[in-house]
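Engineer: only geometry, no sequence info:
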Ligand SMILES: CC(C)=CCC/C(C)=C/CC/C(C)=C/CC/C(C)=C/COC[C@@H](COP(=O)(O)O)OC/C=C(\C)CC/C=C(\C)CC/C=C(\C)CCC=C(C)C
Ligand SMILES: Nc1ccn([C@@H]2O[C@H](COP(=O)(O)OP(=O)(O)OP(=O)(O)O)[C@@H](O)[C@H]2O)c(=O)n1
Ligand SMILES: [Mg+2]
C-alpha cells in the first residue's frame with residue numbers, strides 16, 4: 001500500500017509542484033510590488049462575468065509550467081533516466097495542471113463564484129485529472145484503474161492538507 005502511494009506521488013510530483021507554485025510565485029510578485037497580468041486580460045465572457053478572474057495570471061501559469069518541467073527534469077537526473085523525457089513529462093503534467101486549474105476557474109466564474117470561493121471536489125481534483133488525461137493521451141503516463149483511484153484519493157487529501165498549510169503560512173487568504 002505505502003509503496004503504491006509513494007510511486008503515485010512520485011509520478012504526479014511535477015503536477016503537484018506546478019499546481020502549488022503559483023501560490024508562492026504570486027506572493028513573491030506581491031512582495032516585489034510587481035504587477036500580475038490576468039490571463040483573461042480583464043475581459044468578460046458573454047455572460048457578463050470575467051472569463052477567469054484576477055486569480056489566474058500569466059505569471060502563475062508560466063511559473064507553474066516551468067516548475068513542473070524543472071521537477072520532471074530533476075526527477076530524471078535522480079532516476080538516471082533520459083533528461084529530455086523527464087523534462088517533457090514534467091512539462092506536460094505542468095501544462096495539464098495549469099489548464100485544469102484554468103478550466104476550474106472558468107467554470108467557477110460561470111457559476112457566479114468569486115475568485116477564492118470554494119467549489120469542493122473540482123478545486124481539489126480538476127488539475128490532476130486534466131494533467132493525467134493529457135499525459136496519457138501523449139503516452140507519457142498510463143495509469144491502471146487502481147492507480148487512478150490512488151491518484152484521486154491521494155491528491156484530494158494532499159490538496160486539503162497543503163492548502164491548510166498555505167493558509168497557516170499566510171500564503172493564501174482561504175484554507176482551500
Ligand atoms: C510529497 C509528499 C509525499 C508529501 C508532501 C506532504 C506535504 C504536506 C508537503 C507540503 C508541501 C508544501 C511545501 C506546502 C507549503 C504550502 C503551499 C505553498 C502549498 C501550495 O499551495 C496549495 C495548493 C494550491 O492549490 P490550488 O491553487 O489548486 O488551490 O497547492 C496544492 C498542491 C497539491 C495538491 C499537491 C501537493 C503539493 C506538494 C506535494 C508540494 C507543493 C510544492 C510547492 C508549494 C513548491 C512550489 C515550488 C516553487 C518553485 C515555488
Ligand atoms: N494561473 C494562476 C493560478 C493561481 N494563481 C495564484 O494562486 C492563487 C491560488 O490559486 P487557486 O486556489 O487556484 O485560485 P483561487 O484564488 O482559489 O481562485 P479561483 O476561484 O479562480 O480558483 C491565486 O489566488 C493566484 O494568486 C495565479 O496567479 N495564476
Ligand atoms: Mg482555489
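Structural biologist: Alright, I've got the coordinates. These figures come from a predicted structure and were not determined experimentally. Numbers count the residues shown, from 1 in each chain. Ligands and ions are numbered 1, 2, ... in the order given.

Engineer: give me the residue from this structure nearest ligand 1.
Structural biologist: Distance from ligand 1 to each residue of the chain (CB to the nearest ligand atom) is smallest for residue 20, at 2.9 Å. Just so you know, the C-beta spots here come from the backbone N, C-alpha and C atoms, and that holds for glycine as well.

Engineer: element containing that residue, please.
Structural biologist: Using DSSP states H and E, residue 20 sits within helix 2-31.

Engineer: I'd like the average pLDDT over that helix.
Structural biologist: Averaging pLDDT along helix 2-31 yields 96.

Engineer: how about it: buried residues?
Structural biologist: Buried residues in helix 2-31, counted by 16 or more other CB atoms under 10 Å: 8, 11-23, 25-26, 29.

Engineer: for the residue of the chain closest to ligand 1, what are its contacts?
Structural biologist: By CB atoms under 8 Å, 6 or more residues apart in numbering, the contact list for residue 20 reads 67, 162, 166.

Engineer: wait, doesn't residue 128 sit right on residue 12?
Structural biologist: Yes - at 6.5 Å, residue 128 counts as touching residue 12 under the criterion of CB atoms under 8 Å.

Engineer: Which residues are in contact with each of the two?
Structural biologist: Shared contacts of residue 128 and residue 12 (CB under 8 Å, 6+ apart): 151, 155.

Engineer: how many other residues sit next to the residue of the chain at minimum distance from ligand 2?
Structural biologist: Closest approach of the chain to ligand 2 (CB to the nearest ligand atom) occurs at residue 60, with a separation of 2.1 Å. Residue 60 is flanked by 24 other residues according to other CB atoms under 10 Å.

Engineer: Make sure it is indeed in a strand.
Structural biologist: No - in this structure, residue 60 is helix, not part of a strand, as judged by DSSP: H, G, I helix; E, B strand; the rest coil.

Engineer: What sits closest to it if chain neighbours are left out?
Structural biologist: Distances taken as CB to CB, 6 or more residues apart in numbering place residue 22 nearest to residue 60, at 3.2 Å, with adjacent residues excluded.

Engineer: Tell me the residues of this protein that contact ligand 1?
Structural biologist: 9, 16-17, 19-21, 23-25, 67, 101, 123, 127, 155, 158-159, 161-163, 165-166, 169, 171 (CB under 6 Å from any ligand atom).
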